[in-house]
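Colleague: give me coordinates for this.
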Amino acid sequence: MSQFRLHINGDVRQVDVAPDTPLLWVLRDSLDLAGTKYGCGVGACGACTVHLNGVPTRSCMTPVATVGLKKVLTIEGLDAQARHPLQQAWVELDVPQCGYCQAGQIMTAAALLKDNPKPSDADIDGAMSGNLCRCATYLRIRAGIHRAAEIAAVPVKSPVSRKTKPQAKEGV
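Modeller: This is a model prediction of the structure:
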């Protein structure tokens, strides 16, 4: 066993595990972050996708000893209140069927939208091609990504100051 300091979802966490332990099992078993799922164990399905320094990465194939000081972002760290545009769109459009692969789908889509805020269908299909959905909700996933892009594009209005009163129009 070895001790590792990991930057997980903005916090520094320490674990005592074997160096070859996959990051997936460190997250799930050592840190109780069960949102990242085990799917295939060979990096083919994408259910275990997390971000390492912003890059979507298969955590089932990533030995903890290779993580070092990279910043790890899991589905739990995407937005603690589940207000990320993708999370909002997934709920609004009822994207998942069984839901098992959806954390990996969302994490891959989050990286896509960060790099390409207005992706085309082809962009989405290309970015998401490595994520498998046993329920075949690919069209709903694509629609969810488009909806998330729309949500993210809406500017947040700043609150109206209570100190200033609106000007009255003359003659009203």
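Colleague: strands of the protein, residue ranges please.
Modeller: Applying DSSP state E to the chain gives strands spanning 2-8, 11-17, 49-52, 55-58, 71-73.
Colleague: okay, these in CSV with mean neighbour count and mean pLDDT next?
Modeller: Backbone N, C-alpha and C define where each C-beta goes, glycine included. Formatted as CSV, the strands of the chain follow (neighbours: other Cβ atoms under 10 Å; pLDDT from 0 to 100):
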stretch, mean neighbour count, mean pLDDT
strand 2-8, 16, 97
strand 11-17, 13, 97
strand 49-52, 24, 98
strand 55-58, 19, 98
strand 71-73, 21, 98
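Colleague: would you turn these into a markdown table with distance to Gly99?
Modeller: As requested, the strands of the chain are exported to a markdown table (distance: least, Cβ to Cβ, whole Å):
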| stretch | distance to Gly99 |
| --- | --- |
| strand 2-8 | 23 |
| strand 11-17 | 26 |
| strand 49-52 | 15 |
| strand 55-58 | 19 |
| strand 71-73 | 20 |
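Colleague: longest helix in this protein, by number of residues?
Modeller: Counting residues, the longest helix in the chain under DSSP state H turns out to be helix 138-153.
Colleague: isn't Gly144 up against Leu86?
Modeller: Yes - the criterion here is Cβ atoms under 8 Å, and Gly144 meets it with Leu86 at 6.9 Å.
Colleague: show me whatever sits in contact with both of those two.
Modeller: Ala109 (Cβ atoms under 8 Å, 6 or more residues apart in numbering).
Colleague: so how far is Trp90 from the spatially closest residue to Ala47 that is not a sequence neighbour?
Modeller: Excluding the flanking residues, the one nearest Ala47 by Cβ to Cβ, 6 or more residues apart in numbering is Gly39, at 3.2 Å. Per Cβ to Cβ, to the nearest Å, Gly39 is found 18 Å from Trp90.
Colleague: who has more neighbours, those two?
Modeller: Trp90 (24 against 21; other Cβ atoms under 10 Å).
Colleague: closest to Leu112 out of the strands of the chain?
Modeller: Across the strands of the chain, Leu112 has its closest neighbour in strand 55-58 (8.5 Å, Cβ to Cβ).
Colleague: list of residues touching the closest one?
Modeller: 23, 43, 46, 48-51, 107-108, 111.
Colleague: ok, 6 Å please
Modeller: Under the criterion Cβ atoms under 6 Å, 6 or more residues apart in numbering, residues 43, 48-50, 108, 111 lie in contact with strand 55-58.
Colleague: okay, the residue most central in space within the chain and Asp16: tell me how far apart.
Modeller: Among the residues of the chain, the one closest to the centroid is Met107, at 2.9 Å (Cα atoms, centre = their mean). Met107 sits 26 Å away from Asp16, going by Cβ to Cβ.
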